[in-house]
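Student: Give the three-dimensional model of this entry:
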Amino acid sequence: MKHSLSVQVWIRCVLGVAAVLGVAVIATGLKTSFPRFSFIDTVRAQEHLIGALHPEKLALLRASATESQTTLADEGPLPDFGGAVGWLNSAPLSRESLRGKVVLVNFWTYSCINSLRELPYMKAWAAKYKDAGLVVIGVHAPEFGFERERANVENAVRELSVAYPVAIDSNHRIWDAFNNEYWPADYFIDGKGQIRYHHFGEGDYAESEHVIQDLLKANGATGLDESTVRISAGGVEAPPSGDVQSPETYVGYRQAQRFASPERVAQDSQKTYSPPATPSLNQWGLGGSWNVGAESGVLQSAPGKVAFRFHSRDLHMVLGPAKNGKPVRFKVKLDGMAPGDNCGVDSAPDGAGEIREPRLYQLIRQKGRVEDRTFEIEFLDPGVQTFSFTFG
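Tutor: Have a look, this model is predicted:
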């Protein structure tokens with residue numbers, strides 16, 4: 001789950017999670033590593049603690065949590081979609097035109113790995129429950145500048161085989177109308193136009209599908225198949241592994257952390273960097289001549305490198321070609337060697353690949369044991385735009 005939070009909300013989340021994790025570590029002696037703060041991690045820490053101290057109460061806690069999560073409350077009326085700058089796969093939809101339908105609104109952005117891993121469920125639910133009265137609407141709310149461009153969104157929707165309506169929310173007007181703060185975020189609306197349930201982040205798919213079924217039945221649907229969909233996704237849409245110790249990391253100086261090149265970052269100006277010789281876990285650095293902006297780093301002359309010490313099954317990067325549209329060739333290494341069978345869908349066993357469009361690229365998928373590894377990507381052409389690393 002990606003967050004887009006105010007400072008006050010961040011403080012509350014960080015303090016709350018830190019308190020729970022502190023108690024959990026002290027009480028259980030667990031060696032834990034949480035790469036990002038989220039409500040999901042808080043619940044897991046609570047379960048570890050109760051499971052260690054009172055195992056007989058853990059099942060009761062989980063049952064109670066599931067029941068409370070699927071309670072349908074009245075969370076207010078569905079906001080309108082008038083802030084969309086365009087629609088894909090549909091004429092413009094409105095609150096009035098959707099009255100009488102059960103609606104699932106999914107906030108997503110196409111370079112977000114969390115959003116991409118949830119997509120198979122959105123597509124399956126849209127197809128399974130269409131005739132019963134469900135309308136799935138994807139609200140594409142961008143994180144990076146290139147995701148604001150309609151042509152890029154159109155291309156992503158086509159390549160990802162998204163067939164349900166997509167509202168292009170490039171100015172975050174719909175996002176703001178919902179007071180949303182997360183990618184992905186799902187809002188479930190009944191036939192009377194009232195929001196009855198929401199879910200933030202990946203997971204809990206069975207619970208979400210049962211909410212859809214309950215709302216459809218309340219809206220008069222009969223003969224529903226009440227089994228839940230079974231998804232077997234591959235590539236970037238595959239579920240995350242259970243051993244991820246590396247957090248999402250940004251290259252642009254506005255959100256960059258754990259930069260380990262010997263040189264300090266020169267903001268919005270060209271500078272030559274040296275990759276860190278022995279980076280610690282989750283440290284990264286640049287090599288070559290780069291201009292690091294607020295959102296991304298742009299390679300000024302080839303060759304240039306980015307290195308990252310990580311711990312996860314998958315490593316992705318959000319990358320874009322040169323601003324003139326010229327493709328950029330690259331070579332990937334894992335611990336100094338070609339990745340072989342550990343290559344991702346966007347890299348070959350010898351590490352070779354090419355960047356032709358701005359999007360998320362899966363560069364590593366380890367087939368064996370997950371452990372600390374050093375990733376390196378060398379760009380053979382200038383102009384590449386590097387935005388972020390994500391893991392799974």
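Student: so where is the protein shaky, pLDDT-wise?
Tutor: Counting by pLDDT under 70, the chain has low-confidence residues at 3-70.
Student: The residue nearest the centre of it in helix, strand or coil?
Tutor: Compute the mean C-alpha point of the chain, and by Cα atoms, centre = their mean the closest residue is Asn114, 2.4 Å away. On the three-state scheme (DSSP: H, G, I helix; E, B strand; the rest coil), Asn114 is labelled helix.
Student: do the same with His210
Tutor: For His210, the secondary structure call by three-state DSSP comes out as helix.
Student: Pull the number of nearby residues for it.
Tutor: His210 is surrounded by 15 other residues when neighbours are defined as other Cβ atoms under 10 Å. Yep, even glycine has a C-beta here, placed from its N, CA and C like the rest.
Student: before we move on, what about Ala177?
Tutor: A count of neighbours around Ala177, defined by other Cβ under 10 Å, yields 16.
Student: Just give the closest residue to it, not the sequence neighbours.
Tutor: Spatial nearest neighbour of Ala177, excluding adjacent residues (Cβ to Cβ, 6 or more residues apart in numbering): Pro79 at 3.7 Å.
Student: That neighbour: what's it in contact with?
Tutor: Contacts here follow Cβ atoms under 8 Å, 6 or more residues apart in numbering; on that basis Pro79 touches 95, 174, 177-178.
Student: Mind exporting the C-alpha coordinates of stretch 206-220 to CSV?
Tutor: Included here for stretch 206-220 are C-alpha records, laid out as CSV according to Å, rounded to 0.1, in the frame of the first residue of the first chain:
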residue,chain,number,x,y,z
ALA,A,206,-12.1,-12.8,-0.1
GLU,A,207,-13.6,-10.3,2.4
SER,A,208,-13.9,-7.6,-0.3
GLU,A,209,-15.6,-10.1,-2.7
HIS,A,210,-18.1,-11.0,0.1
VAL,A,211,-18.9,-7.3,0.4
ILE,A,212,-19.6,-7.1,-3.3
GLN,A,213,-21.9,-10.1,-3.0
ASP,A,214,-23.7,-8.7,0.0
LEU,A,215,-24.3,-5.4,-1.7
LEU,A,216,-25.5,-7.1,-4.9
LYS,A,217,-28.0,-9.3,-3.0
ALA,A,218,-29.3,-6.2,-1.1
ASN,A,219,-29.8,-4.6,-4.5
GLY,A,220,-32.0,-7.5,-5.7
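Student: Pull out the buried residues from it.
Tutor: 207-209, 211-216, 219 (16 or more other Cβ atoms under 10 Å).
Student: and if you look at stretch 337-356?
Tutor: Under 16+ other Cβ under 10 Å, the buried positions of stretch 337-356 are 338-339, 342-344, 346-347, 351, 353, 355.
Student: Let me see the domain layout of this protein.
Tutor: Listed by automatic domain parsing, the domain ranges of the chain are 2-69, 86-237, 249-391.
Student: Select, out of these, the one closest to Asp243.
Tutor: Evaluated with Cβ to Cβ, those place domain 249-391 nearest to Asp243, the distance being 4.6 Å.
Student: As a check, name the ranges of all helices in the stretch 51-200 of the chain.
Tutor: 58-69, 113-128, 150-159, 173-177 (DSSP state H, counting those that start in this stretch).
Student: Turn those into CSV, including distance to Ser296.
Tutor: Rendered in CSV, the data for these read as follows (distance: least, Cβ to Cβ, whole Å):
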stretch, distance to Ser296
helix 58-69, 37
helix 113-128, 17
helix 150-159, 15
helix 173-177, 22
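Student: Of all the ones you listed, which one is nearest Lys326?
Tutor: Proximity to Lys326 (Cβ to Cβ) singles out helix 150-159 among the helices of the stretch 51-200 of the chain, at 16.4 Å.
Student: gap between the two ends of stretch 263-275?
Tutor: When the termini of stretch 263-275 are compared using Cα to Cα, to the nearest Å, they are 9 Å apart.
Student: my guess is Ser94 meets Phe81, correct?
Tutor: Yes: with contact taken as Cβ atoms under 8 Å, Ser94 and Phe81 are classed as touching, separated by 6.1 Å.
Student: more neighbours, the two?
Tutor: Relative neighbour count places Phe81 above the other of Ser94 and Phe81, with 22 against 12, counting by other Cβ under 10 Å.
Student: tell me the contacts of the more buried one?
Tutor: Phe81 is in contact with 92-95, 137, 139, 167, 174, counting by Cβ under 8 Å, 6+ apart.
Student: out of these, which are inside strands?
Tutor: Cross-referencing the contacts of Phe81 with the strands (criterion: DSSP state E) gives 137, 139, 167 as the overlap.
Student: ok, and the closest non-adjacent residue to Ile168?
Tutor: Gly86 (4.4 Å).
Student: hang on, the one you found packs against Glu149?
Tutor: No: counting by Cβ under 8 Å, no contact exists between Gly86 and Glu149, whose distance comes to 11.1 Å.
Student: can you list residues touching both of these two?
Tutor: Shared contacts of Gly86 and Glu149, defined by Cβ under 8 Å, 6+ apart, are absent.
Student: Export the longest strand along the chain to CSV, keeping only CA atoms.
Tutor: In terms of residue count, the longest strand belonging to the chain (DSSP E) is strand 284-292. In CSV, the C-alpha atoms belonging to strand 284-292 read as follows (Å, rounded to 0.1, in the frame of the first residue of the first chain):
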residue,chain,number,x,y,z
TRP,A,284,21.9,2.6,-3.0
GLY,A,285,24.0,4.9,-5.1
LEU,A,286,24.7,6.3,-8.6
GLY,A,287,27.7,6.0,-10.9
GLY,A,288,28.4,8.4,-13.7
SER,A,289,27.1,11.8,-14.7
TRP,A,290,23.6,12.5,-13.4
ASN,A,291,21.2,15.4,-12.9
VAL,A,292,19.0,14.5,-9.9
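Student: Tell me which residues of that strand come out buried.
Tutor: With burial defined by 16+ other Cβ under 10 Å, the residues of strand 284-292 counted as buried are 284-290, 292.
Student: Show me what it is packed up against.
Tutor: With contacts defined as 3 or more Cβ pairs under 8 Å, 6 or more residues apart in numbering; DSSP states H and E, strand 284-292 has these neighbours: strand 270-273, strand 297-299, strand 304-310.
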